[in-house]
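K.L.:
this is the structure alone, sequence omitted:
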């Protein structure tokens, strides 16, 4: 009881930090900067951090953190806008949203898709915050209980969940996942100092960059089809006056359980070092597809395909903040940079951040929640004009999207190799799209391949093959994998067999 | 033979050969560095073999098409539709080549202007689009955000 009161009081103090002067206006500055960065394909939280850190160093620590957290919290919220309206994910963490959001925009439901995504982001961060409060007492034990083998199993869980998105053509899904895994193996193998699959091309020694590949695979095919059609993006009558506010909220309330599930997966993905927004969103999307009675409707404009990845990506941020603050283990690259800022500001991550300085920790989580709400409000304010993008003629919008994408594609490594990867991925993506070879497992293989290899390598070197049999948490995660990935298709098959048999009898 | 089936077969052969190349490419690496790529390569070889057999026996492509309902929409690779695909693909190739040779700052605005003009948009819309792209790259990205653009093949030949 006393602990609960302590947590509640720390939470209240944290909320007061957010609305104190001048924290709130500075946070709003970060929010606006983050919104702009999220809108431009290829930019994102990392570039924003690099740009803003020099300006916040001299500020009061809590004010400086408000700017940075405000900015990083909302980049993955506004990256949904180009993903839904143009089919171009603003960052690689908005790919899954584009799969269903863009078909909705084509049907004239852009407002609904955007509002559903804003509310899902807000609810996603809230669920993650509640999870944090509930799990706080056991958090420390939990983090130290997870070792490399458990991390490996969690990565495999994410990969298999995404692999299951290939629907009935499982063989194509597996081939594409293997292709993605092999692309992830293209690198300079530092342990022996030899390039693996990269030859003498120095550009490839750092691995194949994700942003140009994603933009090429997913956005170029949409732009080519748009140019072929020669019409505006939306094929429905002009509905730019409809904001979809109420419908988006209703969609979220109807799918509250999906939000809880997606947010939990997102928070867990944030919690695990190395996994990021992309993994969180695909895990959430995979969970939505796996649990839906009509999985075939995904990719064709199912609002649940917008809600789940948005909730997952939003929940990933508070999830990643916890190990960064409590144990000095950054959940992702953004958190690693923030960790260095914490140290500059004199905030030493460690157990004290979940005991004595819990109010500061809560202050940061509140900042992420409030920033998401503020960004949603601002986006709603301009939504009417943003949706007009869907009604611009293809002859105007196509060259502008192509140009912006090409600029965005080179933002990651600022090399012309990115341009080549973008173009090749675009042409392959077009062929894959129109011959029904699933592109999602390929991307998941690329994202997860490096991580899976690293965790497998460490697990084997630390524990031999004994980790497969000796660690109960590995078995627990394996059970999760079985129940969520393998059991649904088995049950589906078993349910279909009697139907097929009875049809045969009738014949 | 339908064009979708031909592409399916070509992709399956491509993935099969890629799997073999990937397997062979790490044969000299130590066990730790070979384990994961070999697993992925074997998965690719086995799956593409099984899938290839399924296509040749007439099962593979129908299965996926039936599922996605794509069979109903005309394939962009059919001879009648192919011409409509070539123009946008050519546009992408020209833009990429332009960026590689003369750089983003000039190639992107010129492309925007040329595309709109060829597609019979009024000249002023093309000029506005090109100016907007130039300001976006030069003003927002290079000047304000200090995001450097990669050097084109012709080098930095612009005086500004």
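P.N.:
Cool, got the structure. Everything numeric in this text was worked out from a predicted model, so none of it was measured. Numbering: from 1, shown residues only, chains lettered A, B, ... in the order given.
K.L.:
what does stretch B:137-145 rub up against?
P.N.:
Contact with stretch B:137-145 is made by A:47, A:51, A:407, B:104-105, B:108-109, B:147-149, as judged by C-beta atoms under 8 Å, 6 or more residues apart in numbering or on different chains. (Each C-beta comes from the backbone N, C-alpha and C, glycine too.)
K.L.:
hmm, try it at 7 Å
P.N.:
Residues from elsewhere that reach stretch B:137-145 (C-beta atoms under 7 Å, 6 or more residues apart in numbering or on different chains): A:51, A:407, B:104-105, B:108, B:147, B:149.
K.L.:
for those, which one is nearest residue A:194?
P.N.:
For those, the minimum distance to residue A:194 (C-beta to C-beta) is 32.1 Å, reached by residue B:149.
K.L.:
which other helices and strands does the helix or strand encompassing residue A:430 contact?
P.N.:
Secondary structure here is read from DSSP states H and E; on that basis residue A:430 sits in helix A:416-434. Other elements packing on helix A:416-434 under the criterion 3 or more C-beta pairs under 7 Å, 6 or more residues apart in numbering or on different chains; DSSP states H and E are helix A:210-214, helix A:220-229, helix A:394-409, helix B:79-102.
K.L.:
mean confidence for the following helix or strand past that helix?
P.N.:
For helix A:416-434, the succeeding helix or strand toward the C-terminus, using DSSP H and E, is helix A:440-463. Helix A:440-463 shows a mean pLDDT of 84.
K.L.:
and the contacts of the helix or strand that comes right after helix A:440-463?
P.N.:
Sequence-wise, the next helix or strand beyond helix A:440-463 is helix A:467-470, with elements assigned using DSSP H and E. With contacts defined as C-beta under 7 Å, 6+ apart, helix A:467-470 is touched by A:149, A:459, A:474.
K.L.:
other residues contacting whatever helix or strand comes next after helix A:467-470?
P.N.:
The helix or strand immediately downstream of helix A:467-470 is helix A:472-481, counting by DSSP H and E. Contacts of helix A:472-481 with the rest of the structure, by C-beta under 7 Å, 6+ apart, involve A:145-146, A:149-150, A:153-154, A:156-157, A:160, A:467-468.
K.L.:
angle of helix A:472-481 against helix A:440-463?
P.N.:
Interaxial angle of helix A:472-481 relative to helix A:440-463 (axes from the mean of the first three to the mean of the last three C-alpha atoms, to 10 degrees): 160 degrees.
K.L.:
buried stuff in helix A:472-481?
P.N.:
Taking 16 or more other C-beta atoms under 10 Å in any protein chain shown as the neighbour-count basis, helix A:472-481 is seen to contain the buried residues A:474, A:477, A:481.
K.L.:
what is the helix ranked longest in chain B packed up against?
P.N.:
If you go by DSSP state H, chain B has its longest helix at helix B:31-56. For helix B:31-56, the helices and strands in contact under the criterion 3+ C-beta pairs under 7 Å, 6+ apart are helix A:170-184, helix A:440-463, helix B:3-25, helix B:60-68.
K.L.:
can you tell me which of those helices is most buried?
P.N.:
Each of the helices and strands packed on helix B:31-56 was scored by mean neighbour count; the highest is helix A:170-184, a mean of 26, by mean count of other C-beta atoms under 10 Å in any protein chain shown.
K.L.:
please see if it touches chain B.
P.N.:
Yes. Part of helix A:170-184 sits close enough to chain B to count as contact by C-beta under 7 Å from any C-beta of the partner chain, namely A:171-172, A:174-175, A:178-179, A:181-182.
K.L.:
closest one of those residues to residue B:25?
P.N.:
When the residues of helix A:170-184 next to chain B are compared for distance to residue B:25 (C-beta to C-beta), residue A:182 comes out closest, at 9.4 Å.
K.L.:
any idea how far residue A:108 is from that closest one?
P.N.:
In this structure, residue A:182 and residue A:108 are 40 Å apart, going by C-beta to C-beta, to the nearest Å.
K.L.:
same thing with residue A:368?
P.N.:
With distances taken as C-beta to C-beta, residue A:368 is found 33 Å from residue A:108.
K.L.:
what about the two, which has more around it?
P.N.:
In this view residue A:368 and residue A:108 are compared by other C-beta atoms under 10 Å in any protein chain shown, and residue A:368 has more residues nearby, 23 against 20.
K.L.:
element containing the more buried one, please.
P.N.:
Using DSSP H and E, residue A:368 maps to helix A:358-387.
K.L.:
run the chain-centre distance for that helix.
P.N.:
Averaged C-alpha coordinates place helix A:358-387 at 17 Å from its chain's average position (C-alpha atoms, centre = their mean, to the nearest Å).
K.L.:
quick check: buried residues in that helix?
P.N.:
Under 16+ other C-beta under 10 Å, the buried positions of helix A:358-387 are A:358-376, A:378-380, A:383, A:386-387.
K.L.:
how about residue 39, nearest residue that isn't a chain neighbour?
P.N.:
Here I'm looking at chain A. Of all residues not flanking residue A:39 in the chain, residue A:78 sits nearest, at 5.2 Å (C-beta to C-beta, 6 or more residues apart in numbering or on different chains).
K.L.:
I was after chain B.
P.N.:
Distance criterion C-beta to C-beta, 6+ apart; nearest residue to residue B:39, sequence neighbours excluded, is residue A:181 at 8.0 Å.
K.L.:
residue A:302: which element?
P.N.:
In this structure, residue A:302 sits in neither a helix nor a strand according to DSSP H and E.
K.L.:
and it, what does it touch?
P.N.:
Contact analysis of residue A:302 by C-beta under 7 Å, 6+ apart lists residue A:100.
K.L.:
one more time with 10 Å, if that's ok
P.N.:
Residue A:302 makes contact with A:99-100, A:103-104, A:288-289, A:292, A:294-296, A:308 under the criterion C-beta atoms under 10 Å, 6 or more residues apart in numbering or on different chains.
K.L.:
with residue A:471 instead?
P.N.:
Taking C-beta under 10 Å, 6+ apart as the definition, contacts of residue A:471 comprise A:145, A:147, A:149-150, A:153, A:459, A:463, A:477.
K.L.:
what do you get for residue B:113?
P.N.:
Residues touching residue B:113, when contacts are defined by C-beta under 10 Å, 6+ apart, comprise A:399, B:121, B:123, B:125-131, B:133-134.
K.L.:
need the max-distance pair from those residues.
P.N.:
Using C-beta to C-beta, these span at most 17.4 Å, a distance reached by B:121 and B:134.
K.L.:
leaving aside the residues next to it on the chain, what's closest to residue A:196?
P.N.:
Across the structure, with C-beta to C-beta, 6+ apart as the measure, the residue nearest residue A:196 apart from its sequence neighbours is residue A:189 (4.7 Å).
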